[in-house]
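J.: generate coordinates for the sequence data below:
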Amino acid sequence: MNRLATVLPKFVLENRLESHFTIWRKKFGEHPIAVELWNGKRFTLGEPSKLVLRINSKRALERLMRPSLASLGTAYVEGELDFEGHMRDAFHTVAGFLSSLYQPNQRRRVRKTLHTRQLDSASIEHHYDVSNDFYRLWLDENMVYSCAYFRSADDSLEQAQVQKINHILNKIQLRPGERLLDIGCGWGALVLQAARQYGARCVGITLSRQQFEEASRRVHAAGLQGRCEIRLQDYRDVAEEFDKITSVGMFRYVRLTYETDSEDLCASAGWRGCIEPRHYLHRP
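T.: Numbers count the residues shown, from 1 in each chain. So this is what the prediction gives:
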């Protein structure tokens, strides 16, 4: 497509794109997305358009024809692709569009193919086992990886991360003596806080050996071995029952729809419902 975009006359290229979008609308239904080219030409996949995808260069067309997380991420960082709208709408729109590509039984097969224990473990190892020293360069002193909770502009990163953890533990109404499982525990900040400040008995699990070793070291250094355990374990292999389960920024990586997993966990524990705090980062 990149070579075609270079040699084809403008009207031919636009006609081909118009044809592509017409076929997509007929095949997959309408979605509230508009696509805007570098020359201002706009195509709509549905009305009203909550999300506008801007293609700022001809080279970006090739990335869109063969999309991958890496290629689209690179195009966004380099300014070849951009979007207008709320990040929440972007997530919901893309999720709805992807859902329309497959029938329910096909989606189940895709999820099973993409998220085996072996593939999930390899993915975590690739991302987190770079080295703990690398993550220390830019995380807070407790090495919390997910988004912080700033109550004011004067809060330090360390304060904001502790506030986020306390907010979660208060949300689940954690009580002294309760058993807490933290899935994707990272370097152990949440389970350490839960054991130290809330009196809970905690198990944190991770697939990253680097995180496992550092979190275990921190538990030992805090003298919390009797109340806090770190395991190198897949969440699907946990058989015990817990009073509370937390997972901060992890489920979205292991399934196309993490709600299914969280509901299954609640059902297996005999719970009637789950508290699922969510947040988004976006530009105003």
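
J.: what are the ranges of the strands in the stretch 101-250 of the chain?
T.: Remark: strands of the stretch 101-250 of the chain, listed N- to C-terminal, are 179-183, 201-206, 228-232, 244-246; assignment by DSSP state E, counting those that start in this stretch.

J.: so for Met143, which of the ones you listed sits nearest?
T.: Within these, the stretch nearest Met143 is strand 201-206; the backing value is 12.1 Å (Cβ to Cβ). Where C-beta positions appear, they are placed from N, C-alpha and C, glycine not excepted.

J.: same for that closest one, what does it pack against?
T.: Identification of packing neighbours for strand 201-206 by 3 or more Cβ pairs under 8 Å, 6 or more residues apart in numbering; DSSP states H and E yields strand 179-183, helix 189-198, helix 209-221, strand 228-232.

J.: that older thread, out of the strands of the stretch 101-250 of the chain, which one sits most buried?
T.: Per-stretch averages of neighbours, counted by mean count of other Cβ atoms under 10 Å, single out strand 201-206 among those, with a mean of 24.

J.: okay, the strands of the stretch 101-250 of the chain in TSV with distance to Tyr149 and mean pLDDT next?
T.: As requested, the strands of the stretch 101-250 of the chain are arranged in TSV below (distance: least, Cβ to Cβ, whole Å; pLDDT from 0 to 100):
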stretch	distance to Tyr149	mean pLDDT
strand 179-183	17	95
strand 201-206	20	97
strand 228-232	23	97
strand 244-246	15	92
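
J.: okay, now the unreliable bits of the stretch 1-150 of the chain?
T.: For the stretch 1-150 of the chain, applying pLDDT under 70 flags the ranges 1-18, 20-21, 23-31, 48, 62, 64-69, 87-129.

J.: same check on the stretch 151-284 of the chain?
T.: The stretch 151-284 of the chain contains residues with pLDDT under 70 at 251-284.

J.: surely Arg136 and Asn142 touch.
T.: No. Because the distance of 10.8 Å does not satisfy Cβ atoms under 8 Å, Arg136 is recorded as not touching Asn142.
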